[in-house]
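Asker: Following is a predicted model, sequence given first.
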Amino acid sequence: MTFDDRPIEHRTPLSPSSDRAPDLEADTGGPVAPEPELTTESQKKKTSVVREIVETLLLALIIFVAVRAVVLNFRVDGLSMTPSLDNNEMVLVNRNVYFNFDKWALVDWLPGVDHAEAATVYPFHPPERGDIVVFNAPVASASKPYIKRVIGLPGETVEARDGRVYIDGQMIDETYLEGEMTYCRGGEDCPPVTVPEGHLFVLGDNRDNSSDSRAFGVIDQDSIIGKAWVTYWPFDAFGFVPHYDYPEITERP
């Protein structure tokens, strides 16, 4: 028979009245060291940096989406708007300034509501004479938007004779042309055009080098992308795109 020759360790039995076991001790005789924490101070800093980067990127994305919902950047391509806007000039376009809705649409779902025509409401303002607008031109070959000046409004008759533009028979003073005259193809007068509802008559400021309503007719207001708002490049051209008024024209009520 073989016995274990290690000495027998005498242990003091637990007292029946004790409600917990004695603290365990390490081989050195001291208390057992606690387990190290899984998240160190450096890990906390790394987590904080990552969180700040993610928050910054999300904020930048939100700002970008919000800005794009209001404005678009547009590069002037060509000379059709000189001297007001130069070739390659960068412009911010306000895409919401002409936002509109039919107020009858709010109650059309109610039974018994009857109305003859739409009642369009513009919270800001409708397109105005003198505005410079960016739009999708009604030209099959157009690969990019056009930028022109609004001249004729719905219901008005526009014509050009002897090099000058007339609205309902009243000649307008276009000082931004710097003396340039307005003719149609072949240097002839432009016949009268009555602008339908929901449409606009537009012209480029460089009348000798512009494809506009003299060539493709009036444009649908729904084709407008926005109103030229601010020029920001080159830096020496930075500023608001000026709006021109025509005090000689008697506006309709």
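Answerer: Structure received. Numbering: from 1, shown residues only.
Asker: can we go C-alpha only for contacts and neighbour counts from here?
Answerer: Fine.
Asker: Mind jotting down where the strands sit in this structure?
Answerer: Using DSSP state E, the strands of the chain run over 71-75, 90-94, 101-102, 120-121, 132-135, 146-152, 157-161, 164-167, 170-171, 190-194, 199-203, 219-220, 224-233, 239-240.
Asker: CSV please, covering those strands and showing distance to L177 and mean neighbour count.
Answerer: Shown next, in CSV, are the strands of the chain (distance: least, C-alpha to C-alpha, whole Å; neighbours: other C-alpha atoms under 10 Å):
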stretch, distance to L177, mean neighbour count
strand 71-75, 21, 17
strand 90-94, 20, 22
strand 101-102, 35, 13
strand 120-121, 33, 14
strand 132-135, 14, 24
strand 146-152, 12, 24
strand 157-161, 14, 21
strand 164-167, 11, 20
strand 170-171, 14, 16
strand 190-194, 17, 17
strand 199-203, 11, 25
strand 219-220, 22, 19
strand 224-233, 18, 21
strand 239-240, 19, 13
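Asker: Figure out which of those strands is closest to I249.
Answerer: Ranking those by proximity to I249 (C-alpha to C-alpha) places strand 170-171 first, at 6.7 Å.
Asker: So what are the sheet partners of the closest one and their directions?
Answerer: strand 164-167 (antiparallel) (DSSP bridges).
Asker: before we move on, back to that, kindly reformat the strands of the chain as JSON lines containing distance to R51 and mean pLDDT.
Answerer: Below are the strands of the chain laid out as JSON lines (distance: least, C-alpha to C-alpha, whole Å; pLDDT from 0 to 100):
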{"stretch": "strand 71-75", "distance to R51": "30", "mean pLDDT": "92"}
{"stretch": "strand 90-94", "distance to R51": "33", "mean pLDDT": "96"}
{"stretch": "strand 101-102", "distance to R51": "42", "mean pLDDT": "82"}
{"stretch": "strand 120-121", "distance to R51": "45", "mean pLDDT": "85"}
{"stretch": "strand 132-135", "distance to R51": "41", "mean pLDDT": "97"}
{"stretch": "strand 146-152", "distance to R51": "44", "mean pLDDT": "98"}
{"stretch": "strand 157-161", "distance to R51": "60", "mean pLDDT": "97"}
{"stretch": "strand 164-167", "distance to R51": "61", "mean pLDDT": "97"}
{"stretch": "strand 170-171", "distance to R51": "64", "mean pLDDT": "96"}
{"stretch": "strand 190-194", "distance to R51": "61", "mean pLDDT": "96"}
{"stretch": "strand 199-203", "distance to R51": "51", "mean pLDDT": "98"}
{"stretch": "strand 219-220", "distance to R51": "48", "mean pLDDT": "98"}
{"stretch": "strand 224-233", "distance to R51": "34", "mean pLDDT": "95"}
{"stretch": "strand 239-240", "distance to R51": "38", "mean pLDDT": "94"}
